[in-house]
Structure formats: structure tokens, C-alpha cells
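1. coords please:
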Amino acid sequence: MTDTPRPTPVEKIWAPPESTITPEASANLREFHPVMRQLLFNRGKGNLREAEDFLEARPPMNTDPFALLDMQKAIDRLEFAVKKGELIAVYGDYDADGVSATALMVTALQAVDANVRAYIPNRFDEGYGLNNEALSQLQNDGIQLVISVDCGIRSLDEAEHAKKIGLDLIISDHHTPGDQLPDALAVINPKRPGDPYPDKDLAGVGTAFKVASALMERMRPADFSVDSLLDLVAIGTVADLVPMVGENRYLVQQGLMRLQAAQRQGLNSLMGIAGIDPARVTATNIGFGIGPRLNAAGRLESAMDAYQLLTTKDVAEAGRLAQQLDNQNRERQALTREMQKLADAIAVTEGALPYLLFAAHADFNAGVVGLTAARLVEQYYRPAIVAHADEETTRGSCRSIPEFHITNALDQCADLLVHHGGHAAAAGFTVLNENRDALVSRLQAIAAEQLGELDLRPTLLADAEVKLSDLTFNLLQDLDRLQPTGYGNPDPLFIARDLKVAQSRTVGRDSSHLKLTLTDGSRTLMDAIAFRFGHWKADMPERVDVMFQFEKNEYQGRVSLQLNVRDMKRAG
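-> Purely as a prediction, here's the structure:
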């Protein structure tokens, strides 16, 4: 009897730009490099005014925080609490978005002399979002008003409990609401049905910033500018992978300038430990350097350490906390690698891939299940759920693909769930173990129905096909103007075809990466790095087609141009 072969990672589809730039748009954008013109056209910018507005990240016309439903009621209650000296708690979430939103809201309330404290639940003991035990404890501690940030929009029972015990509750959140809103004093969420606020894609920290902006507008504290909070907005917005367009793009660009000014001690220490130059910090640095370290605290122990880092003014404490978060991030990376192997073995046991991957285990760390699910999605291009199972319940973290709205799928299983909520691409839930098999069966049936007729391969959408001779420092300087990049405004992807492999060698842990020198037959030689392509070395073709991001490589004071290869195929 032979073993059933395991499925291999899915092959990626390479897609050219959806349309080639028109002669009219090319003429309108003639002051830009030809490649840059195509990039702007791809982003819907066909004339000079639209292009300049986009590149300068000019804010939308309407950013009035009082346009959000219930903002007036929330600010009235907060102002009353401040003036009466009531105790206020800011109730946050344990990821980078929630922690930065908590730090932002506490700082804003302190600026108007509020009596305020932070509360972030422990992921392992309490789970995500509001919980009745915590609300009761806050009320016992003398708290009279709770404002949530980055959580609460689906906390119907918890809002009812707060009302019962005489605790006023303001909810500020950005997650997708359910069919019913919590019965709170105020519910601030741009995704609320009928909410007139024009930008629906604010992160949790962005929504908190709108509350802080309204509060500052009302109370006008001396010697404090709400703009001083924009570094926190940038951190949470980038880390939460919300679309980097519209107001988010403006907020992140302004926040990056604050980060570059290096005014927050904890972030300075964290950037130092991560090898990031504050004067040149980018959204990419946040996504790969700052965000993961802030997240590591809540994934392994307590997110309050990340909160303390963002709010401390003590140099020694900032240094200690930054080192601690860096150590936890290294531990988290190792744990993720081990969990991925086991989750892969559980979720993919036969030769055919199911439409939805599911893996649950008692040994899975609840803080890393989301990252592990994301790795499965990346490898197999299927929605994936990885869950920690204890004696009574299973808590799962979901990651999905654009073709499958995972929170909508969970909504169809609400009768089986204790709690659930999230976005189109990411969600979480708690289910009693007695209902787990039924949940998995129903989710897999929903996935099969929605995905069964689709070609489930990830598509890499190129911005342009180029020659190596097109890739110059001047072009790279133009590309820098697209920052901040992210979901909705990704780093440009290019295709170069029929390149000769002049040199290749493996690098990195377990020789898992590939370092290349490529040429297109002319005198142009270009260095390239291909992460997780080390296995190609044993059978390296003479010529390749590559899809890549174009970047600058700085090493020991030397600056060179480099291709960051996202995918590679044999030429032709």
C-alpha cells in the first residue's frame, strides 16, 4: 500500500495589467517616467491633478469626525465624565491595532485631564473582545464609563450586561456589524448601516482617532495637538492590513512623518532593536518590523507590555520592553514554524485539497493560530482555520482568500457558535466542542458551494512588463512616491522575461532562500533575492521569467538595485 501523495503548493497565475495606458492619459502624465505613468493609470489616476492628489496623499474633502453616527452622544458623555472626575476605562484588543488604539485613546483622555486607565484582555484567559467578568470587575473598581476600541461591535450580551450593572458603554470599532447592534450608549463604527461617514475602511485605531479628534475639538486642551497621535494611527492602520487608500493613506503618511521625527520613546527603542532608521521609516518597516513585535506580546503573554512600550516616557523601561518584545517575536517565529508543520499534517491529509482547511489541537498556542492559518492560505490558496482546543471549547482563527468572505460564512453558522466576528479576510470564533464537527461540516459545505466552480489559484497582478535596462535609480525615486503602500495600493509588481541566470546560490536558514544575478543579454546585470526559492538551486534553469518588486539594497554602506522576486518560472 502506497502513501497518498500530499498536495503541492498551488501554482500562481501571472496577470498583466488590466489595461494598457491610453494615449490621452500618457500625454496627461508625461512629466512622469513611462513606467510610472502605467502605475498611476493602473491605480485609476489618468490626469495630472488626480496623480498629484494621490502621490501627495491629500486628505478627502469630508473628514469631520462628527459625521459618524453617535459621535455627538459619545463626546457629550466623555466630556461629562471628564468634568465630573468619573473613572473611565479604555477597553482595547490585544493586537497591534487594538494596542495602538488603546494607547491613543488613553493619551487623548489624559490630555483633557480625564481619570482614565487602560484594560486589554488576556488572549488566553479571556479571549477576544468585551467579556462580562471584565466589565463587572471594572465596575467593582469604580469605573463608571467604558469606551471600547477595536472591539465590541458584536458584543450584544456584554452590552446588555454593562447596562444591567449600571456601567455606561461607548463602543468604537471598525469590524463588520452583525444583524443587530449592541444596546450601548453610543456605537461608533463607519460600517454601521446608514452611517454617512464616507470612508468605511478605517482601522480600529483610525476610528479611535476620529473619537479623539472630536473630543479635542470639543474640549480644546492647551499644549496638545491631536496630530501628535498620528504615529500610533500609522502603526495600527498598517499592521491591521486595511486598504491603503483614501483617508487611511493620508493618515499613514502623516503618521510616518511623526515616526521619522522620533518623538515617542518606546517606538524609538523598538525601531532601534529592529534595525530601523527612524528618519527613513516606511509602511513596509511597520508591517514587517514594528507590527510583528507589538503583536508578539499579546500572542505569547500579555499585550499590556506592548501598551506600556507605546506610552512610557522612561528611556530605561522603553529599552527593556523593546528587548522583551523582540525576544518574544523570535520565540513566536519559531513557534509558528512548528505549528505550521502540524497544522498542515492535520488539515491536508489526502491527495485532494478540501475547499476549506481546518486544524485544531490542544497543543496549538492560541496566540499564533492566526499566523499559522495565514501560512496555510499562502501555501494552498484555500480559506483556513487553525484552532486551539481545550476541554470544553475550541477557539479558532480564520484567514481567507478574496473569493470567500469568511465572516459571512461564520454568520451562517451563528447557531453553532458562542462568539464570532471579523472581516472578509480574517475572523475568529469560539465553539463548544460538542458543536465543532457540525461547524466544520457546514463551513466546508458553504466553501464547496461558493468555490467549487472556481479556478483556485492566486493571481499576481503585474503593473507592467519591463526590461532590466528600465530599472534605474531615477525610476526607484519615482516609485518611492507611491508610499505608503499596502492593501489596496500594493508595492508595484513587474515582470521581466527570458533572463539568463548568470549566478545563483542559496542563502539563509536551511539554505531556504536564493540569491541570483540575472541578465537580459545586454550589459545589464541585476542582483535578485528570491525568498523561499532555495529548492530551485538543485535544478536551476538557464533562463527564467520573474515577477518581482524593485527595491534598493543597502549593505555595509553600499547601495545597489535589487529585484525582490515574488514568483519565478522557467522562461517561456
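2. from what I can see Ala384 touches Asp344, true?
-> No - Ala384 is beyond contact range of Asp344, at 9.9 Å (criterion: Cβ atoms under 8 Å). The way it works is simple: take the backbone N, C-alpha and C, and place the C-beta from them, glycine included.
3. overlap in contacts, these two.
-> Contact criterion Cβ atoms under 8 Å, 6 or more residues apart in numbering; residues shared by Ala384 and Asp344: Ala359, Leu376.
4. tell me which of the two has more neighbours.
-> The neighbour comparison of Ala384 against Asp344 (other Cβ atoms under 10 Å) goes to Ala384, with 30 against 20.
5. confidence score at that one?
-> In this prediction, Ala384 carries a pLDDT score of 96.
6. mind checking the backbone torsions on it?
-> Backbone torsions for Ala384, taken as degrees, to the nearest 10, come to phi -140, psi 140.
7. ok, what's across the strand from it?
-> Per DSSP bridges, the residues bridged to Ala384 are Leu357, Arg399.
8. what segments of the stretch 251-400 of the chain are helices?
-> Remark: helices assigned in the stretch 251-400 of the chain by DSSP state H, counting those that start in this stretch are 265-273, 283-285, 291-300, 304-311, 315-347, 369-380.
9. wait, Gln38 sits on Thr20?
-> Yes - Gln38 is in contact with Thr20 according to Cβ under 8 Å; the separation is 7.5 Å.
10. who has more neighbours out of the two?
-> Gln38 (23 against 13).
11. thinking again about what came up before, can you list the helices of the stretch 251-400 of the chain in CSV and add mean pLDDT?
-> Listed next are the helices of the stretch 251-400 of the chain as CSV, based on pLDDT from 0 to 100:
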stretch, mean pLDDT
helix 265-273, 96
helix 283-285, 92
helix 291-300, 93
helix 304-311, 96
helix 315-347, 94
helix 369-380, 93
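12. tell me which of the ones you listed sits nearest to Ser100.
-> Across those, Ser100 has its closest neighbour in helix 304-311 (6.4 Å, Cβ to Cβ).
13. tell me the helices and strands packed up against the closest one.
-> Contacts defined by 3 or more Cβ pairs under 8 Å, 6 or more residues apart in numbering; DSSP states H and E place helix 304-311 against helix 96-111, helix 265-273, helix 291-300, helix 315-347.
14. you'd agree Asn122 is up against Leu300?
-> No - counting by Cβ under 8 Å, Asn122 stays clear of Leu300, with 11.3 Å between them.
15. who's more crowded, those two?
-> Leu300 (21 against 14).
16. which SS class is Leu145?
-> At Leu145 the chain is in strand, as set by DSSP: H, G, I helix; E, B strand; the rest coil.
17. same check, this time on Leu69
-> coil.
18. where does it fall, phi/psi-wise?
-> Torsion angles, degrees, to the nearest 10, at Leu69: phi -60, psi 140.
19. residues contacting it?
-> Val187, Ile188, Arg192, Gly194, Asp195, Pro196, Tyr197.
20. on that earlier part again, quick one: which of the helices and strands packed on helix 304-311 is nearest Asp480?
-> Per Cβ to Cβ, nearest to Asp480 of those: helix 265-273, 19.1 Å.
21. contacts for the closest one, please.
-> 231, 235, 259, 262, 277-278, 281, 285, 289-290, 293-294, 308-315, 318-319, 321-323, 325-326.
22. Ala25 looks like it's in a helix, true?
-> Yes - remark: Ala25 belongs to a helix, assigned using three-state DSSP.
23. quick check: it touching Arg43?
-> No - between Ala25 and Arg43 there is no contact, the gap being 11.5 Å when judged by Cβ under 8 Å.
24. pLDDT weak spots in the stretch 401-550 of the chain?
-> In the predicted model, the stretch 401-550 of the chain carries pLDDT under 70 at residues 523.
25. quick one, strands of it?
-> Assigned by DSSP state E, counting those that start in this stretch, the stretch 401-550 of the chain shows strands spanning 417-422, 426-432, 459-461, 464-465, 494-507, 513-519, 525-530, 543-555.
26. now do the same contact list for Arg566.
-> Neighbours of Arg566 in contact, by Cβ under 8 Å, 6+ apart: Leu460, Leu493, Met547, Phe548, Gln549.
27. helix/strand/coil for it?
-> strand.
28. can you check the pLDDT for it?
-> So Arg566 comes in at 95 (pLDDT).
29. and the gap between it and Thr524?
-> From Arg566 across to Thr524, the span is 20 Å (Cβ to Cβ, to the nearest Å).
30. quick one: Tyr487 and Val565, what's the gap?
-> As defined by Cβ to Cβ, Tyr487 lies at a distance of 21 Å from Val565.
31. neighbour count winner among those two?
-> Taking other Cβ under 10 Å, Tyr487 and Val565 do not tie; Val565 has more neighbours (22 against 16).
32. run through the bridge partners of the more buried one.
-> Ala530, Phe548.
33. run through the residues that contact it.
-> The contact partners of Val565, by Cβ under 8 Å, 6+ apart, come to Leu514, Leu516, Ala528, Ile529, Ala530, Phe531, Phe533, Val546, Met547, Phe548.
34. swap in 10 Å and give it another go.
-> 496, 513-514, 516, 518, 528-533, 544, 546-549 (Cβ atoms under 10 Å, 6 or more residues apart in numbering).
35. could you pull out the strands for the stretch 51-200 of the chain?
-> Going by DSSP E, counting those that start in this stretch, the stretch 51-200 of the chain shows strands at 87-91, 115-119, 143-149, 168-172, 186-188.
36. now do stretch 299-314: distance from first to last residue.
-> Stretch 299-314 has an end-to-end distance of 25 Å (Cα to Cα, to the nearest Å).
37. show me what counts as buried in that stretch.
-> 299-312 (16 or more other Cβ atoms under 10 Å).
38. before we move on, what about stretch 335-351?
-> Leu335, Thr336, Met339, Gln340, Ala343, Asp344, Ala347, Val348.
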